[in-house]
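Peer 1: Next come a sequence and a model predicted from it.
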Amino acid sequence: MKCLMKYLLSFLLLLGSLIARGETKIAPDDRRIVVEGAMHLTCTDGRMTIDRFSDELWERPDLNNFSRSKALTQSGVRICFKTDSRTVKPLFSDREGADLRKPSNFYGVYRDGEFVGAVPGDQLVLVSPGEGAVEWEIVLPIYYGVNFDGLLLDDGAKLLDVKRKKRPVYVAIGDSITHGAGQSQCGSEGSYPFVLASINGYYLYNLGVGGSQISPAVARELTDVKVDIITVLWGFNDWNGGTRGDIAEIARRYERFLTELRRVQPDARIYCILPTTAADETGTRGKRAPGKPLSEVRTAERRIVEQAIAQGDRKLFLIEGNKLSAVEDLKGNVHFDNKGAKRFGEALAKLVK
């Protein structure tokens, strides 16, 4: 009985200490908080809006099948901060107009550079394992768009400056495969662009949008941005829907896109990844089947890239995506599962330098 009373008293003292200590709110635009992976940040009334794309994108005529709700999600974005607070509560709210797929509202959590795990949004509380300051990184979800509303720290805790190394800038462009569809119970750290960027030490912007088709308009998002490395994996949705398998139209779109991309990024190394493996590549799958095999899309894209290289583009490279992927990597017809995305990212990391 005395032992029970002793533990109860200890618990009440701890609870009272926590209540007395309280919490301090830190604004989302505090200079000591670093937001990586988004080019457009807006803070109004204590709420940060995080956009991967500019408002001008939606007014461009050469934007093909671009879902605004999916584009308003934040795949690849991470929030970094350092604090000696024993408990941290990152504050997020649902982004109006954004895709809000549950149960995909998982956040990847890193502590002092080490991956801790993926946590659902309603359970996102960070607890330091000991005394001293900890550097936290929170990787935002794949298909769940949020606003960042700041941090709650223990009263008296300090928020410290985060020292981030300068890294080569990497931009991943594509559709749902690049966005991260197929990966589950993880934040966007599970996507292949994040895996590639982490291995090679790149600063990542993920411009993949599920359902999108080849769009020259997206290239202009990189105007006046210093980019070192770009990967492009695009064409599945053009083949399986938008153009109804019109290979000539797919080729025209791809060539216009690459021409525009090279115009705005004359010095970047551009890696064109031909469509990865699909479970059914015959072109006879589904009601909107194009009737052309996926191999014809690969042939058309390959011809355009090889022609540009032959004409003197020494910073343009071709990667045979289907040789780096297999049906065993897939969840459904074309999307990678968690292990498949990891394997594909690791394979790309050896080629993308």
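Peer 2: Noted; the coordinates are in hand. Numbering: from 1, shown residues only.

Peer 1: so where's this protein shaky on pLDDT?
Peer 2: 1-21, 242-244, 284-290 (pLDDT under 70).

Peer 1: redo that, cut-off 50
Peer 2: The model of the chain has pLDDT under 50 over residues 1-20.

Peer 1: Walk me through the domains of it.
Peer 2: Domain ranges of the chain: 25-160, 169-351, per automatic domain parsing.

Peer 1: any chance of these in JSON lines, plus mean neighbour count?
Peer 2: (C-beta placed from N, C-alpha, C; glycine too.) Below are the domains of the chain laid out as JSON lines (neighbours: other C-beta atoms under 10 Å):
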{"stretch": "domain 25-160", "mean neighbour count": "18"}
{"stretch": "domain 169-351", "mean neighbour count": "20"}
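
Peer 1: who touches residue 328 in this structure?
Peer 2: For residue 328, the contacting residues are residue 340, by C-beta atoms under 8 Å, 6 or more residues apart in numbering.

Peer 1: Could you verify that it is part of a helix?
Peer 2: Yes: applying DSSP: H, G, I helix; E, B strand; the rest coil, one finds residue 328 inside a helix.

Peer 1: any idea how far residue 331 is from residue 276?
Peer 2: From residue 276 across to residue 331, the span is 13 Å (C-beta to C-beta, to the nearest Å).

Peer 1: What of residue 305?
Peer 2: On the measure of C-beta to C-beta, residue 305 and residue 331 end up 28 Å apart.

Peer 1: ranges for the helices of the protein?
Peer 2: For the chain, applying DSSP state H gives helices covering 2-21, 68-71, 176-179, 192-200, 216-219, 236-237, 247-264, 294-310, 338-351.

Peer 1: Minimum distance to residue 44: which of those has it?
Peer 2: When the helices of the chain are compared by C-beta to C-beta, helix 68-71 sits nearest residue 44, at 19.7 Å.

Peer 1: Pull out the CA atoms of that closest one and give them to me as CSV.
Peer 2: Presented in CSV, the C-alpha positions along helix 68-71 are these (Å, rounded to 0.1, in the frame of the first residue of the first chain):
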residue,chain,number,x,y,z
ARG,A,68,-5.1,21.5,-58.1
SER,A,69,-6.1,19.5,-55.0
LYS,A,70,-3.2,17.1,-55.5
ALA,A,71,-0.8,20.0,-56.3
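
Peer 1: Packing partners of that helix?
Peer 2: Taking 3 or more C-beta pairs under 8 Å, 6 or more residues apart in numbering; DSSP states H and E as contact, there are no helices or strands that helix 68-71 lies on.

Peer 1: centre of the chain versus that helix, how much separation?
Peer 2: In terms of C-alpha atoms, centre = their mean, to the nearest Å, the centre of helix 68-71 is found 13 Å from the chain centre.

Peer 1: which other residues reach it?
Peer 2: Residues contacting helix 68-71 (C-beta under 8 Å, 6+ apart): 52-53, 57-58, 97-99, 143, 145, 179, 209-212.

Peer 1: which one among those residues gets closest to residue 198?
Peer 2: Using C-beta to C-beta, the contacts of helix 68-71 come closest to residue 198 at residue 179, 17.2 Å.

Peer 1: Nearest spatial neighbour of the closest one, chain-adjacent residues omitted?
Peer 2: residue 208 (3.9 Å; C-beta to C-beta, 6 or more residues apart in numbering).

Peer 1: Please apply the same query to residue 190.
Peer 2: Nearest non-adjacent residue to residue 190, counting by C-beta to C-beta, 6+ apart: residue 183, 3.9 Å away.

Peer 1: quick one: contacts for residue 216?
Peer 2: Residue 216 neighbours (C-beta under 8 Å, 6+ apart): 62, 253, 256, 257, 259, 260.

Peer 1: nope, residue 131 is what I meant
Peer 2: Counting by C-beta under 8 Å, 6+ apart, the residues that residue 131 touches are residue 84.

Peer 1: Common neighbours of residue 276 and residue 331, please.
Peer 2: Counting by C-beta under 8 Å, 6+ apart, residue 276 and residue 331 have no contacts in common.

Peer 1: Any chance of the contacts of residue 216 in JSON lines with distance to residue 68 as columns?
Peer 2: What follows is the contacts of residue 216, written out as JSON lines (distance: C-beta to C-beta, whole Å):
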{"residue": "62", "distance to residue 68": "16"}
{"residue": "253", "distance to residue 68": "20"}
{"residue": "256", "distance to residue 68": "22"}
{"residue": "257", "distance to residue 68": "20"}
{"residue": "259", "distance to residue 68": "26"}
{"residue": "260", "distance to residue 68": "21"}
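
Peer 1: farthest-separated two in those?
Peer 2: For those, the maximum inter-member distance is 11.7 Å, found between 62 and 259 (C-beta to C-beta).

Peer 1: still on that earlier bit, I'd assumed residue 189 was in contact with the residue nearest to residue 190.
Peer 2: No: using C-beta atoms under 8 Å, residue 183 is not in contact with residue 189, being 9.2 Å away.
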